[in-house]
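Just a sequence and a predicted model for now, questions to come.
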Amino acid sequence: KAKSEGRSTYHFFEAGMDADLQQRRSIEAGLRLALQRKELRLMYQPLLGLAENRVTCVEALLRWDHEGRTISPTEFIPIAEETGLIVVIGEWVLREACKTATSWPGDVRVAVNLSPIQFKSRDLLGLVKSALSDARLPPTRLELEITESLLLADNDANLKVLHELRAMGVRISMDDFGTGYSSLSYLRSFPFDKIKIDRSFMRDLTGRGDSQAIIKAVIGLGQSLGMSTTAEGVETEEQLEMVRAHGASEVQGFLFSPPLPPAALANLLHSEATKHQVGDKKAS
Ligand code: C2E
Ligand code: MG
Ligand code: MG
Ligand code: MG
């Protein structure tokens, strides 16, 4: 009996793998054509500076419109990374985001996510320079978000590129901080400009108290290391007030704004700019 059970489990598992593999193959094939078919687009989510009380930065987030549905980057980025397609896709994202940012007010930066693969496979420094100069965007208006996995290998070449980017005036952010297994040591290996605290810490705030203690500690750490801190995934007023009280520099999340199409984001930025101008006139 045990044997037959084992067998049926095995067959079930195998069939499941086939379906997964098939779906993967089809995503892979579709992804190869996505750029030329113009199925990729960027959404833009504003980050609110708490001291400034305005949008200080906007993160570009990739979307793929494929066969009638929109596929999340969490679904296709891993496949794009495994196939190496992330290199051309990532180049498109960087160029597109820089171009779009030129139409925003000059004090708003654009943040672009980078995959570790992009460091390995191409002249990343050359690409960033060319994307900035083609768009005529000053380097100080660009932030690049990297994850801990980039530094996992403790790769000197990657660190060198990061230092060169920073020397150009580009800011470097550590994304999803706290999700890797050795977060603290990465803060020692490179002087990040910004730490983005992963939204998993925001999620269970009302439950256990330890998430709040961690958020508080990371913000304090950022302050003492001269790095700004962004709280990701802020969805409620309570979370906003908590991270504000602990001294976070920025918040990002559905409470302030979800990721928006480029036109809606531009409207938000320009209505905000007008609001400030009116305020300034009143004051003077
Ligand atoms: P990320 O860089 O940490 O981006 C933040 C993610 O959190 C986004 O998911 C955003 O929509 C989501 N988010 C923002 N505020 C909230 C909130 O209040 N609650 C909740 N539940 N979620 C919120 P998205 O757009 O699905 O992107 C997922 C991930 O995919 C990104 O995480 C990033 O790692 C990756 N990604 C997105 N675009 C790119 C890209 O152009 N290149 C690369 N390499 N990765 C990308
Ligand atoms: Mg990010
Ligand atoms: Mg993040
Ligand atoms: Mg995240």
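Perfect, thanks for sending it. Residues are numbered from 1 along each chain as shown. Ligands and ions are numbered 1, 2, ... in the order given.

what does the stretch 151-284 of the chain put close to ligand 2?
residue 175 (Cβ under 5 Å from the ion). Just so you know, the C-beta spots here come from the backbone N, C-alpha and C atoms, and that holds for glycine as well.

Look up how far ligand 2 lies from the residue of the stretch 151-284 of the chain found nearest ligand 1.
At 3.2 Å from ligand 1, residue 253 is the closest residue in the stretch 151-284 of the chain, using Cβ to the nearest ligand atom. The gap separating residue 253 from ligand 2 is 13 Å, by Cβ to the ion, to the nearest Å.

show me the contacts for that residue.
Neighbouring residues of residue 253 by Cβ atoms under 8 Å, 6 or more residues apart in numbering: 199, 202, 231-235, 239.

And the residue nearest the centre of this structure?
residue 113 (4.5 Å; Cα atoms, centre = their mean).

Phi, psi for that residue please.
Residue 113 adopts backbone torsions of phi -80, psi 130, taken as degrees, to the nearest 10.

same question, the one 4 residues further on
For residue 117, the backbone dihedrals are phi -60, psi -30 (criterion: degrees, to the nearest 10).

Is stretch 95-104 positioned near ligand 1?
No - using Cβ under 6 Å from any ligand atom, stretch 95-104 stays clear of ligand 1, with a minimum separation of 8.1 Å.

can you pull the buried residues of that stretch?
Residues of stretch 95-104 classed as buried by neighbour count (16 or more other Cβ atoms under 10 Å): 95-101, 104.

ok, these vs ligand 2, which is closest?
Ligand 2 lies nearest to residue 97 out of the buried residues of stretch 95-104, by Cβ to the ion, at 11.9 Å.

a helix runs through that closest one, doesn't it?
Yes - Residue 97: assigned to a helix according to DSSP: H, G, I helix; E, B strand; the rest coil.

rewinding a little: just put the buried residues of stretch 95-104 in CSV and tack on pLDDT and distance to residue 78.
Output for the buried residues of stretch 95-104, formatted as CSV (pLDDT from 0 to 100; distance: Cβ to Cβ, whole Å):
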residue, pLDDT, distance to residue 78
95, 98, 23
96, 98, 21
97, 99, 21
98, 98, 25
99, 98, 27
100, 98, 25
101, 98, 27
104, 98, 30
